[in-house]
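Asks: return atomic coordinates for the entry below.
(chains A, B, C and D)
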2 protein chains.
Amino acid sequence: MSPDQVEQTERRSGALLEYLARRMRLRSESVLAPLGLRPRHLVALTVLRDAGDMSQQGLAGTLQLDGTNVVGLLNDLEADGLVERRRSPEDRRRHVVSLTQTGAKRLNEAECALASVEDEVLGALNENERDTLYDLLRRATSEVPATCAEAAACAEVAAACTEEDR
Amino acid sequence: MSPDQVEQTERRSGALLEYLARRMRLRSESVLAPLGLRPRHLVALTVLRDAGDMSQQGLAGTLQLDGTNVVGLLNDLEADGLVERRRSPEDRRRHVVSLTQTGAKRLNEAECALASVEDEVLGALNENERDTLYDLLRRATSEVPATCAEAAACAEVAAACTEEDR
DNA sequence: TAAATGGTTGGCGCTACACAAACAATCTGT
DNA sequence: ACAGATTGTTTGTGTAGCGCCAACCATTTA
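Replies: Have a look, this model is predicted:
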């Protein structure tokens, strides 16, 4: 190899994301269990809080999860009163899924309980860095790419998309 | 909820991390398949590249994976010549696992191939933001929390770093 | 009225993974 | 030198997550 070659690595975040997510998830499980939640429930609740009400199909698209599995997931959450299924007025076939107050509260409790986990897993990052990490993740997840067909389903709900940034 | 209420959310990254990792993984699979790799292989290769040589136990600890499963994982990678198991000179029970140059090359190829996936999943982030995201993830994963006993095992082996022929 | 759509249920199957047991090679303490 | 612990390997078993298919309502659309 030439001596002055700049070894430009590819810097893809995918593997690191998965690696970190696994660590986080494994440790979260025990913390979440007393709250009657599992990691995937937390993801669903988070999505519902951050993206707002959604049809079940929209949720399936967002979570990239098979529709039949979303049913079970929502059954769990609704049984605990964390989530609500209402028939859509415009199209009564649809269910509009929304976070209840109890759901929002439980989600918040869970996030509080996860402080120790985050401290452990993100121990190498200081307060500021964790904050920007959260912001980046939040922004990355807030905008659903328009490339896929699922976007169409989501777009309907996401119609209230504003281009405000701070 | 009253609109003027200052809703202080907890800003935990865990759920977002998992959410994003899932999206990334699902789309990665098809891209990785022609290279004979699966997401978890990529994680292993990435860890080996970023953290250097490691005992199998150390790898199991780092990946938070059961030891017996690490065997199978490494069998896959070694069969493809992407990874090498050498007996440790100091303790011949141990295998020192290291990335081969073919492995490094394949990893790089994979990361190149994943450009489109990242474009899609991280579409909401610009070049700079993706860069800082990568840096944050990298730093978060580079420092293994000293809480666990695994750290000792890793550190011990880490001394046996070898210069690779190129 | 017929066909398509959203949701629900049940079942089948695959993959990832943990866990346990048994074994070989090797190290460590007495 | 011997006993016991430790690393890695194999094999087997169990379980959870999840995709997929098929059948079935309720509703909407053609």
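Asks: any idea how far A:S142 is from A:T46?
Replies: Counting by Cβ to Cβ, to the nearest Å, the gap between A:S142 and A:T46 amounts to 12 Å. Every C-beta, even on glycine, is put in place using the N, C-alpha and C of the backbone.
Asks: A:A124: what's it in contact with?
Replies: Counting by Cβ atoms under 8 Å, 6 or more residues apart in numbering or on different chains, A:A124 makes contact with B:R139, B:A140, B:T141, B:S142, B:E143, B:P145.
Asks: which SSE is it in?
Replies: A:A124 is part of no helix or strand when elements are defined by DSSP states H and E.
Asks: now A:R92
Replies: Once you assign secondary structure using DSSP H and E, A:R92 falls outside every helix and strand.
Asks: kindly report the same for A:R86.
Replies: When elements are assigned from DSSP H and E, A:R86 belongs to strand A:83-87.
Asks: other residues contacting that strand?
Replies: The set of residues that contact strand A:83-87 without belonging to it, under Cβ under 8 Å, 6+ apart, is A:44-45, A:48, A:56, A:74, A:77-78, A:94-100, A:103.
Asks: can you narrow the residues you listed to ones near chain B?
Replies: Here is what survives when the contacts of strand A:83-87 are matched to chain B using Cβ under 8 Å from any Cβ of the partner chain: A:L45.
Asks: drop anything exposed from the contacts of strand A:83-87.
Replies: Neighbour-count burial (16 or more other Cβ atoms under 10 Å in any protein chain shown) is assigned, among the contacts of strand A:83-87, to A:44-45, A:48, A:56, A:74, A:77, A:94-97, A:99-100, A:103.
Asks: touching stretch A:14-23 from outside, list them.
Replies: Outside of stretch A:14-23, the residues that reach it under the criterion Cβ under 8 Å, 6+ apart are A:121, B:17-18, B:20-22, B:24-25, B:28, B:39-40, B:42-43, B:45-47, B:63-64, B:114, B:117-118, B:134, B:137-138, B:140-141.
Asks: sweet, I'm off.
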